[in-house]
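Visitor: model this:
(one chain, ligands or ions: 1)
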Amino acid sequence: MTGRQIITDAQNTWCPGCGNFSIQHTLKNVLADREKKGQSPDNVVLVSGIGCHAKIADYLDINSFYSIHGRAIPVATGIKLANPDLTVICCSGDGDCYAEGLDHLIFAAKRNIDLTVIVHNNRVYGLTTGQYTPTSPRGFKGKSTPLGTMEDPLNPIELMLASGATYVARGYSKKMELLQTLIREGMDHKGFAFIDVLQICATFFPAADYYTPRVYDLAGHDRSDFKAACTKAGEWDYNSDAPIALGAFYQKTSPVFEAKMTERALSAAEREQAIRDLLRKRT
Ligand code: SF4
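Guide: Numbering: from 1, shown residues only. The predicted structure is shown next:
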């Protein structure tokens, strides 16, 4: 299929001004660019979790799987292992990925499975009308924290560097051109690609006035230098008034999990023999 309409005609219920629109249209542009180069959208699968972000599975006309809260990455992992030829994208929210699904995120990075994880990080539970998430700033006043949260936010960039992700980047929903580059790079990267997107929640955390004057492009940064990546990742802790770097912090080449699984896979006869050997040892 070529040149098709990628945005569906499903009724869109995101709030006006929501940063999810930027991510949706950026993904559409990346898919269209890839299609021009002969990479069919039919070979792409998008998995979403639960939250405002997850509706993107309804709004893009590609193969998709609307999964359950925090479990988008395990579903995406299963799809990739079943058919390593597919390009698998995982859209997740900050509550979805950094709270309920945190262990899955860490282990997917550790395994270096070839997925592209795009986190719609609006730093609030939008769908449930404004509770704090692991990346909400200290003092955030929401439905569950009327006096302000007392916790410091998680720094997902540092977390992913420490967990072994082989492509680590940060985008911003108001910088669509850069975001397009990052998503394209993430999809082209052979290994676990992680893109934390500062996504504006227009209703419960409208942070554009905070982000826009602080963001800068990491152009010129040596993404092969792990220590430099860690230094850049620590520059802004999701809480302070420091400059906010956007772009790719780190990238390296490393064997992917699905290839190791294929190498390890036994034939039916080998499996049968392995079970017989195991049973013999036990008796
Ligand atoms: Fe977007 Fe926030 Fe509205 Fe959800 S609540 S659709 S994240 S603006």
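Visitor: and G171, that one's in a strand?
Guide: Yes - with DSSP: H, G, I helix; E, B strand; the rest coil as the criterion, G171 is part of a strand.
Visitor: relative to the ligand, how far out is the closest residue in space to N121 that isn't next to it in sequence?
Guide: Distances taken as Cβ to Cβ, 6 or more residues apart in numbering place D94 nearest to N121, at 4.3 Å, with adjacent residues excluded. Backbone N, C-alpha and C define where each C-beta goes, glycine included. Counting by Cβ to the nearest ligand atom, to the nearest Å, the gap between D94 and the ligand amounts to 10 Å.
Visitor: K55 - how many residues pack around it?
Guide: Counted by other Cβ atoms under 10 Å, the residues lying close to K55 total 20.
Visitor: wait, S22
Guide: Neighbours around S22, by other Cβ under 10 Å: 21.
Visitor: correct me if wrong: it contacts S173.
Guide: Yes - assessed by Cβ atoms under 8 Å, S22 is found in contact with S173 at 4.0 Å.
Visitor: what sits in contact with each of these two?
Guide: Here S22 and S173 have 179, 199 as joint contacts, going by Cβ atoms under 8 Å, 6 or more residues apart in numbering.
Visitor: quick one: pLDDT of the residue lying closest to L105 once chain neighbours are set aside?
Guide: Nearest non-adjacent residue to L105, counting by Cβ to Cβ, 6+ apart: C97, 5.4 Å away. For C97, the pLDDT comes out at 97.
Visitor: and what of the one 5 residues further on?
Guide: Model confidence at L102, given as pLDDT, is 98.
Visitor: what do you get for the one 5 residues further on?
Guide: F107 is assigned a pLDDT of 98 by the prediction.
Visitor: just the buried positions in the helix or strand containing it, please.
Guide: Using DSSP states H and E, the element containing F107 is helix 102-111. Neighbour-count burial for helix 102-111 flags 102, 104-109, 111 (criterion: 16 or more other Cβ atoms under 10 Å).
Visitor: quick check: the farthest pair among those?
Guide: By the measure Cβ to Cβ, L102 and R111 form the most distant pair in those, at 15.1 Å.
Visitor: list the buried residues for the helix ranked longest in the chain?
Guide: Secondary structure of the chain per DSSP state H: the longest helix is helix 20-36. Residues of helix 20-36 classed as buried: 20-31, 34-35 (neighbour count, 16+ other Cβ under 10 Å).
Visitor: for E185, see how far away the nearest residue to V197 once chain neighbours are set aside is.
Guide: Spatially, and ignoring its direct neighbours in sequence, V197 is nearest to G171 (4.5 Å; Cβ to Cβ, 6+ apart). G171 sits 11 Å away from E185, going by Cβ to Cβ, to the nearest Å.
Visitor: more crowded one of those two?
Guide: More neighbours surround G171 than the other of G171 and E185, with 29 against 19 (other Cβ under 10 Å).
Visitor: the more buried one contacts E177, doesn't it?
Guide: No - the criterion here is Cβ under 8 Å, and G171 misses it with E177 at 10.2 Å.
Visitor: show me the contacts for the residue nearest to V197.
Guide: Contacts of G171 by Cβ under 8 Å, 6+ apart are 178-179, 182-183, 195-198, 246.
Visitor: 6 Å instead?
Guide: 179, 182, 195, 197 (Cβ atoms under 6 Å, 6 or more residues apart in numbering).
Visitor: ok, so of the residues you listed, who is nearest the ligand?
Guide: If you rank the contacts of G171 by distance to the ligand using Cβ to the nearest ligand atom, V197 comes first, at 11.8 Å.
Visitor: count of neighbours near the closest one?
Guide: 28.
Visitor: near the ligand, which residues of the protein?
Guide: With Cβ under 6 Å from any ligand atom as the criterion, the chain meets the ligand at residues 14-15, 18, 20, 52, 122, 126, 201-204.
Visitor: OK, contacts around H69?
Guide: By Cβ under 6 Å, 6+ apart, the contact list for H69 reads 49-50, 100.
Visitor: ok, Q180 next?
Guide: Contacts of Q180 (Cβ under 6 Å, 6+ apart): 26, 29-30.
Visitor: again, but for I89
Guide: Per Cβ under 6 Å, 6+ apart, neighbours of I89: 46, 116.
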